[in-house]
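Asks: just coords:
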């Protein structure tokens, strides 16, 4: 762990000194050097993720595709979402909005007497083993992610935003970040708050987010891959997550037929354990078409719902849905 942290730190320092710091000085933003250094870490993580996606997962999609590629425009839009998120543009906005609010709130709570807390302190000796500590925090964050995902499908207003993600009918490695920006703000605000409450170290938080994002990219890939009877119950595979996106499985909160599958399944982010524990797991070995029911099933007026083709259209139509105007 120390070796990995050192390697990453050296690369972050070189990228900061060679690119980010000169940029900040040139545009008169030297007062943001500390934030810039933090942002450089996220930029480096994103660059490494994109390198793995291009070098490993994209070739897998060509080798064993789950379906033919028929809509390259939709994939190009997903690539734009990926670049916005993985290269730190979205997180940079959070640095100046959400993160300071949580820091101020937690600081005030500590002034009022809220004791500092670190989750790994409840298990004596864990703090001496960075890998065990990291796994503890990863499991806790994954449980939180599961319930956030349930909320995105269970609350009608939240689904109107989250539907942007599910409206992709040509899933690929680039589809994970296809989300409404407000949906991402809500999600990240919850995750940052939990990180503050359980006392995860900044380096561990970065590692957990990086691992989670890269795994999610693989889960969304257009690949006909599953992990076998045992593996499927240890880590979420592209087959497991594709079932969550399948048309007619019922991830929509207002589906016409009331049964367990229609209420949705396979909400897990990394570990299928929570779906197994809470009765939402579906291990059917199938690779169904993906999308939302009302994209292919007309309403009483014979109309199909439009979720938009481009980035801004998708963002705006979600706002109109939220307002009850689309």
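Replies: Here it is on my side, so go on. Source: prediction; values computed, not measured.
Asks: thought residue 284 was touching residue 243?
Replies: Yes - using C-beta atoms under 8 Å as the test, residue 284 is close enough to residue 243 to be in contact (6.4 Å). Any C-beta I mention is one placed from the backbone N, CA and C, and that applies to glycine too.
Asks: which of those two has more neighbours?
Replies: Applying other C-beta atoms under 10 Å to residue 284 and residue 243 shows that residue 243 carries more neighbours, namely 23 against 14.
Asks: what helix or strand does the more buried one sit in?
Replies: When elements are assigned from DSSP states H and E, residue 243 belongs to helix 238-245.
Asks: Tell me which residues of the very next helix or strand once past that helix come out buried.
Replies: Next along the chain after helix 238-245, taking DSSP H and E as the criterion, comes helix 273-277. Applying a neighbour-count criterion of 16 or more other C-beta atoms under 10 Å, one finds 273, 274, 275 buried in helix 273-277.
Asks: try stretch 33-46
Replies: For stretch 33-46, by 16+ other C-beta under 10 Å, it's 35, 36, 37, 38, 39, 40, 41, 42, 43, 44, 45, 46.
Asks: try stretch 8-27
Replies: Within stretch 8-27, the residues scored as buried using 16+ other C-beta under 10 Å are 8, 12, 15, 16, 20, 21, 24.
Asks: for stretch 185-201, same thing?
Replies: For stretch 185-201, a neighbour-count test (16+ other C-beta under 10 Å) marks 185-189, 191-196, 198, 200-201 as buried.
Asks: Among these, which lie within strands?
Replies: Residues from those lying in strands, with DSSP state E as the criterion: none.
Asks: tell me which of those residues is nearest to residue 315?
Replies: Nearest to residue 315 out of the buried residues of stretch 185-201 is residue 185 (C-beta to C-beta; 12.3 Å).
Asks: Excluding chain neighbours, what is closest to the residue sitting nearest the centre point of the chain?
Replies: By C-alpha atoms, centre = their mean, the chain has its centre lying nearest to residue 213, at 5.6 Å. Using C-beta to C-beta, 6 or more residues apart in numbering and skipping the chain neighbours, the partner closest in space to residue 213 is residue 49 (6.1 Å).
Asks: Next: residue 282.
Replies: residue 265 (4.0 Å).
Asks: Kindly tell me how buried that neighbour is, as a neighbour count.
Replies: Residues near residue 265, counting by other C-beta under 10 Å, number 22.
Asks: could you measure it against residue 150, distance?
Replies: From residue 265 across to residue 150, the span is 11 Å (C-beta to C-beta, to the nearest Å).
Asks: if we can go back for a sec, quick one: the buried residues of helix 273-277 as TSV, columns for pLDDT and distance to residue 116 too.
Replies: As requested, the buried residues of helix 273-277 are exported to TSV (pLDDT from 0 to 100; distance: C-beta to C-beta, whole Å):
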residue	pLDDT	distance to residue 116
273	97	29
274	97	28
275	96	33
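Asks: of all those, which comes closest to residue 120?
Replies: Closest approach to residue 120 among the buried residues of helix 273-277 (C-beta to C-beta): residue 273, at 19.9 Å.
Asks: list the contacts for that closest one?
Replies: Residue 273 is in contact with residue 233, counting by C-beta atoms under 8 Å, 6 or more residues apart in numbering.
Asks: do residue 233 as well
Replies: Residues near residue 233 by C-beta under 8 Å, 6+ apart: 272, 273, 276, 283.
Asks: what's the answer for residue 12, then?
Replies: Contact analysis of residue 12 by C-beta under 8 Å, 6+ apart lists 37, 40, 41, 44.
Asks: circling back: name the nearest of the buried residues of helix 273-277 relative to residue 108.
Replies: residue 274 (32.7 Å).
Asks: my guess is the closest one meets residue 268, correct?
Replies: Yes - counting by C-beta under 8 Å, residue 274 touches residue 268, with 5.3 Å between them.
Asks: Overlap of the contact sets of the two?
Replies: Counting by C-beta under 8 Å, 6+ apart, the contacts common to residue 274 and residue 268 are 142, 146.
Asks: where's residue 204 relative to residue 130, distance?
Replies: Counting by C-beta to C-beta, the gap from residue 204 to residue 130 is 8 Å.
Asks: Kindly check the end-to-end length of stretch 188-206 for me.
Replies: Using C-alpha to C-alpha, to the nearest Å, one end of stretch 188-206 lies 13 Å from the other.
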